[in-house]
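Asks: Quick one, what's the 3D model for this:
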Amino acid sequence: MTDRPKPRRLIAIGIAVACLVMACSSPAGSSSVPSPTPLPATPAATAAATNPSRSGSPSEGPSASAAPGPELAQAWATASLIDVTTGQPFRVADLAASGRVVFLETMAIWCSNCRTQQITATEAMAGLDPGRVAWVAIDVESSETAEALAAYREQHGFPFTYAIADADYARALVADFGDVVLSPPSVNIVVIGTAGQVSHLRGQKSIEDIHRLAAEHGA
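Replies: Numbering: from 1, shown residues only. The predicted structure is shown next:
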């Protein structure tokens, strides 16, 4: 007569069969080790995820990096000028306050030295950020008109802002820079820096000179 399996033996066999079934049904390479619980995000990581510009890379674009400029009080800076192309008023003080280095050139339509300087300045400005540097040409010849100056700008393809100096504006320039500032062939250039420093220069400036001056004045 065959012996019946003992209960303990039956239990062991059942456990072995169950383990075999589980092993066959589990995917290859799976692990029974539980996944670690993710750590809560830090405030810095959350900010970087919601605002990529704060993740450490420098922001692009001049408006993101330019700081507010100085508040100029000089009469020639606070006086209102009229852009001969758009007819809109503007002030040198506002250009400086926007954080840009401002080149202010006194000129006349008939002045060949001025025209040569503006040709060079056009090439120089092409290599500078227009959000950080501005070039303004002020016609100090009393006999020239806004219409003629606008035509001069268009004829030569100059990208700058042009305005006519009236008698009060001319006097304000002379008060700070002397009579020579009203002599267009002398090529007078006033550079206003982002810290409020003002430099009065004479003579034509090369592309390299303009780039150097822009950098020295904060651009």
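Asks: Show me what the host helix or strand of residue 121 is packed up against.
Replies: Using DSSP states H and E, residue 121 maps to helix 112-125. Under the contact criterion of 3 or more Cβ pairs under 8 Å, 6 or more residues apart in numbering; DSSP states H and E, helix 112-125 touches strand 101-107, strand 133-139, helix 146-156, helix 207-216. C-betas here are computed from N, CA, C, even on glycine.
Asks: Now do it, average pLDDT.
Replies: The average pLDDT within helix 112-125 is 98.
Asks: related to what we said a few turns ago, of all the helices and strands packed on helix 112-125, which one is nearest residue 177?
Replies: The minimum distance between residue 177 and these falls on strand 101-107, with 8.7 Å, by Cβ to Cβ.
Asks: now the helices for this structure?
Replies: 7-25, 43-50, 62-65, 75-78, 92-97, 112-125, 146-156, 167-177, 207-216 (DSSP state H).
Asks: Tabulate the helices and strands packed on helix 112-125 in JSON lines, adding columns for mean pLDDT and mean neighbour count.
Replies: Listed next are the helices and strands packed on helix 112-125 as JSON lines, based on pLDDT from 0 to 100; neighbours: other Cβ atoms under 10 Å:
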{"stretch": "strand 101-107", "mean pLDDT": "98", "mean neighbour count": "25"}
{"stretch": "strand 133-139", "mean pLDDT": "98", "mean neighbour count": "23"}
{"stretch": "helix 146-156", "mean pLDDT": "98", "mean neighbour count": "15"}
{"stretch": "helix 207-216", "mean pLDDT": "98", "mean neighbour count": "16"}
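Asks: In JSON lines, list these along with distance to residue 86.
Replies: Listed next are these as JSON lines, based on distance: least, Cβ to Cβ, whole Å:
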{"stretch": "strand 101-107", "distance to residue 86": "18"}
{"stretch": "strand 133-139", "distance to residue 86": "13"}
{"stretch": "helix 146-156", "distance to residue 86": "9"}
{"stretch": "helix 207-216", "distance to residue 86": "24"}
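Asks: Got the confidence number for residue 196?
Replies: pLDDT at residue 196 comes out at 96.
Asks: Ok, the one 10 residues further on next?
Replies: The predicted local confidence for residue 206 comes out at a pLDDT of 98.
Asks: What distance do you get for it to residue 79?
Replies: 30 Å (Cβ to Cβ, to the nearest Å).
Asks: Next: residue 172.
Replies: Distance from residue 172 to residue 79, by Cβ to Cβ: 6 Å.
Asks: any weak-confidence spans in this structure?
Replies: 1-67 (pLDDT under 70).
Asks: at 50 what do you get?
Replies: Applying pLDDT under 50 to the chain flags residues 1-13, 15-65.
Asks: Can you tell me which of the helices and strands packed on helix 112-125 is nearest to residue 186?
Replies: Of the helices and strands packed on helix 112-125, nearest to residue 186 by Cβ to Cβ is strand 101-107, at 8.6 Å.
Asks: Please save the CA atoms from that closest one in PDB.
Replies: Provided in PDB are the C-alpha atoms of strand 101-107 (Å, rounded to 0.1, in the frame of the first residue of the first chain):
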ATOM      1  CA  VAL A 101      25.700 105.400 -24.600                       C
ATOM      2  CA  VAL A 102      24.800 108.400 -26.700                       C
ATOM      3  CA  PHE A 103      27.000 109.900 -29.400                       C
ATOM      4  CA  LEU A 104      25.900 113.500 -30.100                       C
ATOM      5  CA  GLU A 105      27.400 115.000 -33.300                       C
ATOM      6  CA  THR A 106      27.000 118.600 -34.300                       C
ATOM      7  CA  MET A 107      27.000 118.900 -38.100                       C
END
